[in-house]
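Enquirer: coordinates only, no sequence provided:
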């Protein structure tokens, strides 16, 4: 059974940094695509970044240059380093896994974590 467990959320001031982690079990990162999505109250879940099985990455325009997704193969964990945070980055952040499809579309992911809250104060 595939499980994803997020950690690392919290409260930070604008301009600050946070690192989210997603520990994956039941599926290796080298054979799957692992993404971060986020959802703010009253909005739809939106794509943030994906780490493709090959090591390539895809980012939403809103986070390019500020967020970095990478992985620790030994721990089968994906990290999202978030720098220069803005109040509009406030949301629940979800980790998700898929073996294929459009990596920017949430309905192409078959396993999800429980989410971790990120709050950026102005």
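Expert: Nice, I can see it. Just so it is clear, the structure is predicted and the values come from calculations on it, not from any experiment.
Enquirer: please make it C-alpha for all contacts and neighbour counts, starting now.
Expert: Fine.
Enquirer: beta partners of the residue nearest in space to the middle of the chain?
Expert: Centroid-nearest residue in the chain: residue 36, 2.2 Å away (criterion: Cα atoms, centre = their mean). With beta bridges defined as DSSP bridges, residue 36 has these partners: residue 49, residue 95.
Enquirer: can you give me the pLDDT of it?
Expert: Looking at residue 36, its pLDDT reads 98.
Enquirer: that one touches residue 92, doesn't it?
Expert: No. In this structure residue 36 lies outside contact range of residue 92 using Cα atoms under 8 Å: 10.2 Å.
Enquirer: dihedrals phi and psi, residue 110?
Expert: Dihedral angles of residue 110 (phi, psi; degrees, to the nearest 10) stand at phi -100, psi -10.
Enquirer: distance of it relative to residue 9?
Expert: Residue 110 is 23 Å from residue 9, where distance means Cα to Cα, to the nearest Å.
Enquirer: those two: which is more packed in?
Expert: residue 9 (18 against 12; other Cα atoms under 10 Å).
Enquirer: pull the contacting residues for that one.
Expert: Residues near residue 9 by Cα atoms under 8 Å, 6 or more residues apart in numbering: 18-20, 116-119.
Enquirer: one more time with 7 Å
Expert: 20, 116-118 (Cα atoms under 7 Å, 6 or more residues apart in numbering).
Enquirer: then residue 51?
Expert: So, once contact is read as Cα under 7 Å, 6+ apart, residue 51 ends up touching 33-35, 57-58, 69-70.
Enquirer: please, where are all the strands along the chain?
Expert: 3-7, 10-13, 18-25, 33-39, 46-51, 57-59, 67-72, 77-82, 91-98, 111-112, 116-121 (DSSP state E).
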